[in-house]
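S.K.: structure of the sequence below:
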Amino acid sequence: MWHLCRCSSRPLIGVGQLLIRQSSLIPIKPIVPQRTFSFPSVFKLKKNLPEPISQPSVNPRHPPDYVPPRPHIDPHANKPVQSQSSIFARFRHAYSKYGRILLVVHFFSSCAWFTGLVVLHFKGFDLGMYLIDGLTRINIISPERRLSFIRRMNEFSVAGILSRIPFISQERLDSLNAYWPGERVRLLATALLLYKFLAPIRYAFTLGATTYISRTFLKRGLLKRAPQGDSLQELYRDQKQLIKSHVRRARDKMKTTARRGGQKPE
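M.R.: Just a heads-up that it's a prediction; the model follows:
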């Protein structure tokens, strides 16, 4: 602007038009205000809206607020035993289903299990000694304690316990002491502990044997199917209802008697 004034001695008339015609040395872009947050337009939001779901036609038989009734559930119905339940719960369920057959099979299977364990221990399978030797190898039991335990068990005698009973003779005590030395008592105790430890396996074997025997007897006609209402569960339920009715009648009778006794004659 100053160089225009120097070049011309005329007054500054029409300088504005000359400045407008002159191209600027540094192009300046127009500043456009920007928003810190961009919001979609209302029209775009309307375009992206989901389509409304078509409502089903109203059923003429039922009103719109109709709720279907729940199916009737019999509280006395037998509930199925889940596969994740314990073996003892299955055993009780099988007892309510099979009854005496389960008891007979369990008795004979228990006798067979215990007899087999005792015979195995008396024939040389000493599980107690194997366990003590394993504990000694991993340094849980010292060798001195192992030897003292074996010595005490071998010195144990049944006659020493039964000698306190007065009506047992000395000859009988000597015969018991000769037949049941300390080693045999230890083997018998080990067999008994192993028998109790294998209770889940024994119960599972009893359930399987009972199911197989009952199905075999039903196929051959040796066992008749119980009619509806003769199972142990239903008999127990009927007897329980009968006892409740008797107790209710006796209670009502006692209340009536007490009311009559409380009324004083005029």
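S.K.: burial count for Gly124?
M.R.: 7 (other CB atoms under 10 Å). Where C-beta positions appear, they are placed from N, C-alpha and C, glycine not excepted.
S.K.: so how far is Leu135 from it?
M.R.: Using CB to CB, to the nearest Å, we find Gly124 at a distance of 20 Å from Leu135.
S.K.: and if you look at Ser142?
M.R.: In this structure, Ser142 and Leu135 are 10 Å apart, going by CB to CB.
S.K.: and these two? Which one has more around it.
M.R.: A direct count of neighbours by other CB under 10 Å for Ser142 and Leu135 places Leu135 higher, at 14 against 11.
S.K.: so the more buried one sits right up against Ile141, yeah?
M.R.: Yes: at 4.5 Å, Leu135 counts as touching Ile141 under the criterion of CB atoms under 8 Å.
S.K.: need the contact list for Tyr195.
M.R.: When the contact criterion is CB atoms under 8 Å, 6 or more residues apart in numbering, the partners of Tyr195 are Trp113, Phe114, Leu117, Arg202.
S.K.: redo that, cut-off 6 Å
M.R.: Contacts of Tyr195 were listed using CB atoms under 6 Å, 6 or more residues apart in numbering, and they are Phe114, Leu117.
S.K.: now it: which helix or strand?
M.R.: helix 182-197 (DSSP states H and E).
S.K.: and the next helix or strand past the helix or strand where Cys111 lies?
M.R.: If you go by DSSP H and E, Cys111 is part of helix 100-122. Toward the C-terminal end, the helix or strand that comes next after helix 100-122 (DSSP H and E) is helix 127-137.
S.K.: that following helix vs helix 100-122, what angle?
M.R.: Relative orientation of helix 127-137 versus helix 100-122 (axes from the mean of the first three to the mean of the last three CA atoms, to 10 degrees): 60 degrees.
S.K.: can you list contacts of helix 127-137?
M.R.: When contacts are taken as CB under 6 Å, 6+ apart, the neighbours of helix 127-137 outside the stretch itself are Ile141, Arg146, Thr190.
S.K.: by neighbour count, which of those wins?
M.R.: Of all the contacts of helix 127-137, the highest neighbour tally under other CB under 10 Å goes to Thr190, namely 20 neighbours.
S.K.: list the residues that contact that one.
M.R.: Taking CB under 6 Å, 6+ apart as the criterion, Thr190 is in contact with Leu127, Gly128.
S.K.: now do stretch 156-163, average pLDDT.
M.R.: Within the predicted structure, the mean pLDDT of stretch 156-163 is 68.
S.K.: check stretch 179-196 too.
M.R.: Per-residue confidence for stretch 179-196 averages out to 79 on the pLDDT scale.
S.K.: name the residues of that stretch that are buried.
M.R.: Within stretch 179-196, the residues scored as buried using 16 or more other CB atoms under 10 Å are Trp180, Gly182, Arg186, Leu187, Thr190, Ala191, Leu194, Tyr195.
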